[in-house]
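A.B. asks: Just a sequence and a predicted model for now, questions to come.
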Amino acid sequence: MSRKISPIIQATELLNLYQTGSIVLVDASNDKHARHNYNEKHLDGAIFIDTNIQLADIKEDASIGGRHPLPTVEKFSQTLSELGIAEKSHVIIYDHQNGSNAAARFWWMLRSVGHEKVQVLNGGFATAEKVGFPANSNEVQIKKEAPYKITEWKLPTADMDEVERVVQDNDHIVIDVRDTNRFKGLTEPIDLVAGHIPGAINVPFTTNLNDQGLFIPPGELKKKYQEVFGDVKTENIIVHCGSGVTACHTLLAVAYAGMEIPKLYVGSWSEWSRNNKTIVTGS
């Protein structure tokens, strides 16, 4: 590519591309009815990706890598080939939850293997429908591509040992993007234990969005995260959530702000809370 594109695409821009250009459109919704909903109605031409099967290598024991460990690069290469995604493809991803479901996770994974031409739809499915993007239940034929050449995950990640080692250091920041009630341990709807990692700070991913469910402007995001990060170097900032999926929403927001992408702790709370690590509740 001759120039970098924004990691976020607006619905009107998507509609123009749909009418005039060639894109690979992906529905990355990931609630329990996602596949059924896709079969009932999806943006015209969109293919479906299964977060639990294609974007993760789920183990029986979530204490090893959390609920959504990354697949091997070999498996991810095969997935991209089966989805018809080549190195030059313009991939646009949406979900039904403002990009906070798995659209951001798929974006992060593509960026992490060096794919530049990938964007997440601002506002997701509903916003596209509002601007007149056609939606239907048509079956989409996928033309398989040659294997995507991948050697490694290139974006920085942190493991549980690193988090434990640095979380109390003043020159590091560990950010938990779950909602405040989960962070404080007041509720825990998914994992086995409520609370948070000692020393972590809470910046809910929902604060990346405005009241309409759209990302706040890049300038505002930049100001927000400059205040959060302070003088801490990007390589010393670790972001996590429950299972390494919604954390990518904040990494996407940081990239949208034009800032360097921090580390992702893929195992996140689902791994930490299952390994007899210290847990705290409250603010």
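C.D. replies: Cool, got the structure.

A.B. asks: remind me which residues of the chain are low pLDDT?
C.D. replies: 1-3, 99 (pLDDT under 70).

A.B. asks: For the stretch 151-283 of the chain, which segments count as helices?
C.D. replies: 160-166, 180-184, 218-229, 247-256, 268-272 (DSSP state H, counting those that start in this stretch).

A.B. asks: can you list contacts of the last one?
C.D. replies: Taking CB atoms under 8 Å, 6 or more residues apart in numbering as the criterion, the residues outside helix 268-272 that touch it are 62-68, 160, 163, 176, 178, 190-191, 196-197, 240-244, 247, 279. The way it works is simple: take the backbone N, C-alpha and C, and place the C-beta from them, glycine included.

A.B. asks: Run the chain-centre distance for it.
C.D. replies: Chain-centre distance of helix 268-272: 16 Å, with CA atoms, centre = their mean, to the nearest Å.

A.B. asks: Which residue ranges of the stretch 1-150 of the chain form helices?
C.D. replies: Using DSSP H, counting those that start in this stretch, helices in the stretch 1-150 of the chain cover 11-20, 34-40, 51-54, 73-82, 103-112, 124-130.

A.B. asks: Mind checking which of the contacts of helix 268-272 are buried?
C.D. replies: Buried by 16 or more other CB atoms under 10 Å: 62-63, 65-68, 160, 163, 176, 178, 191, 196-197, 240-244, 247, out of the contacts of helix 268-272.

A.B. asks: Near the closest residue to Phe229 other than its chain neighbours, how many other residues are there?
C.D. replies: Residue nearest to Phe229 in three dimensions, not counting chain neighbours: Ile237, with 6.0 Å by CB to CB, 6 or more residues apart in numbering. Residues near Ile237, counting by other CB atoms under 10 Å, number 22.

A.B. asks: quick one: Ile237 and Val167 touch, right?
C.D. replies: No. The pair Ile237 / Val167 is not scored as a contact, 11.6 Å apart, by CB atoms under 8 Å.

A.B. asks: Verify the stated contact: Ser283 with Leu186.
C.D. replies: No. Contact criterion CB under 8 Å: Ser283 and Leu186 do not qualify, at 10.9 Å.

A.B. asks: Comparing these two, which shows the higher neighbour count?
C.D. replies: When neighbours are counted by other CB under 10 Å, Ser283 and Leu186 differ, and Leu186 comes out ahead with 13 against 9.

A.B. asks: So what does the more buried one look like in phi/psi?
C.D. replies: Dihedral pair for Leu186: phi -80, psi -30, per degrees, to the nearest 10.

A.B. asks: who's in contact with it?
C.D. replies: Ala194, Thr281 are the contacts of Leu186 under CB under 8 Å, 6+ apart.

A.B. asks: which non-adjacent residue is nearest Tyr273?
C.D. replies: Quick fix: residue 273 reads Ser, not Tyr. The nearest residue in space to Ser273 (CB to CB, 6+ apart) is Val193, at 4.3 Å.
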